[in-house]
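Undergrad: Need coordinates for the below:
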Amino acid sequence: MRVLAVGAHPDDLEILCGGTLAKFAKRGDEVIMAHLCSGNMGGRDIEPEELARIRDEEAKRAGAVIGAEVLGPIAGDLDLYPTKEMRLKVVDIIRIAKPDLIITHSPNDYMPDHTITSQLVFEASFTATLPLFKTEQPAYEPIVPIYYMDTLAGIGFEPTEYVDITDFFELKKKMLLCHESQYKWLSGHHQSDPLNLIETMAKFRGLQCGVLYAEAFRPANLWGRLRAERLLP
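TA: Residues are numbered from 1 along each chain as shown. As a prediction, this is how the structure comes out:
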C-alpha cells in the first residue's frame, strides 16, 4: 500500500502520526511524507529563508529514519490559503504520490495552516482524480480514503480508530528529534516540551484503547472513501 501523509509544517506528522507511519513502513508499505508550509516562521533568531532551508533538511532526515520520501513545501508559514493556485499544487503532490490512503490534519485543529491543509487535501484529493483537470502531472483516478489525525493535545477530537504504537514510540521520538531547530522554539513559544507532549498524548490515547502508547484517527465518512477492510496498521 502507498500511504501519503500531509501535514502543514515539517514536524507535524512526527508529532501526530509518526508512530503510525513507522508502523506502515515496518510492514512494507511505501510512505510519502509531505508538508505544505516551509516552517520559515517557526523560530525567533534565524532569518526565515535560512530557517526554511534548515527545516527542509530536518524533514528529510526525519523521513529517512523510516525510509519515507519527503515532498513539499508549496508555501511559507501562514502564507497558505485555500486558493486555486494552492489546490493545483496539492493536486500534483497527490498525483505524484499515487496513494491508496491519505492522512492529514483534522478540520478543527488549532491554527490556520493546519485547518487549511486539511481543506486543501480534501478538495485536491477529489480534483486529482479528474482526467480533464489538467496540471503538470497526469490524473490519478482512484478516490482515496482520508484519515484525519489527532489534533494537538487531542482537543475537540473524537477518535474512532486507534493504532497501537507501543513498539514504535522510540522511533517516533527519533523522528521528532531530527527537528532540532524546533525543540527550543516549541518549548518557549508553545510552552510545551515536544517530547513530553507526544508521550502524554500517546499515553492518553493508549489508555483509551488498552495499550501503552497509541495514536488516534477518524476517517472521512463520505461516499467513495469508505472501505470494508481496516486500512490502518
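Undergrad: Which residue ranges of the chain form helices?
TA: Here the chain has its helices, by DSSP state H, at 12-26, 48-65, 84-97, 112-127, 169-177, 180-189, 194-209.
Undergrad: just checking, residue 155 touches residue 110?
TA: Yes: taking contacts as Cβ atoms under 8 Å, residue 155 lies within contact range of residue 110: 7.2 Å. For glycine as for every other residue, the C-beta is placed from the backbone atoms N, C-alpha and C.
Undergrad: ok, those two, which is more surrounded?
TA: residue 110 (15 against 11; other Cβ atoms under 10 Å).
Undergrad: out of everything not next to it in sequence, what's closest to that one?
TA: residue 152 (5.1 Å; Cβ to Cβ, 6 or more residues apart in numbering).
Undergrad: Tally up the residues packed near that neighbour, please.
TA: Residue 152 has 19 nearby residues by other Cβ under 10 Å.
Undergrad: Can you tell me how far the residue of the chain most remote from its centre is from residue 122?
TA: Going by Cα atoms, centre = their mean, the residue of the chain most distant from its centre is residue 132, 28.2 Å out. Using Cβ to Cβ, to the nearest Å, one gets 20 Å for the distance from residue 132 to residue 122.
Undergrad: And residue 211, by the same measure?
TA: Using Cβ to Cβ, we find residue 211 at a distance of 29 Å from residue 122.
Undergrad: so what's residue 183 scoring on pLDDT?
TA: pLDDT, residue 183: 77.
Undergrad: The nearest residue to it once chain neighbours are set aside and residue 207: what is the separation?
TA: Distance criterion Cβ to Cβ, 6+ apart; nearest residue to residue 183, sequence neighbours excluded, is residue 194 at 6.0 Å. For residue 194, the distance to residue 207 equals 21 Å [Cβ to Cβ].
Undergrad: same question, residue 74
TA: For residue 74, the distance to residue 207 equals 37 Å [Cβ to Cβ].
Undergrad: More neighbours: these two, which one.
TA: Set residue 74 next to residue 207 and count neighbours by other Cβ under 10 Å: residue 74 wins out with 20 against 12.
Undergrad: Let me see the contact set for the nearest residue to residue 114 once chain neighbours are set aside.
TA: In space, residue 114 comes closest to residue 105 once its chain neighbours are excluded; the distance is 4.4 Å by Cβ to Cβ, 6+ apart. The contact partners of residue 105, by Cβ atoms under 8 Å, 6 or more residues apart in numbering, come to 6-8, 12, 16, 114-115, 117-118, 121, 148-149, 151.
Undergrad: Which member of the residues you listed is positioned nearest residue 35?
TA: When these are ranked by distance to residue 35 (Cβ to Cβ), residue 7 comes first, at 5.2 Å.
Undergrad: burial of residue 205, as a residue count?
TA: 23.
Undergrad: these two touch, right, it and residue 215?
TA: Yes: look at residue 205 against residue 215 with Cβ under 8 Å: they come within range, at 6.2 Å.
Undergrad: Could you give me the buried positions within the lowest-mean-pLDDT helix or strand in the chain?
TA: One helix or strand of the chain scores below all others by mean pLDDT, DSSP states H and E: helix 180-189, with a mean of 79. Of all the residues in helix 180-189, those buried under the rule 16 or more other Cβ atoms under 10 Å are 181, 182, 185, 186.
Undergrad: could I get these as a markdown table with distance to residue 144?
TA: Shown next, in a markdown table, are the buried residues of helix 180-189 (distance: Cβ to Cβ, whole Å):
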| residue | distance to residue 144 |
| --- | --- |
| 181 | 32 |
| 182 | 30 |
| 185 | 33 |
| 186 | 31 |
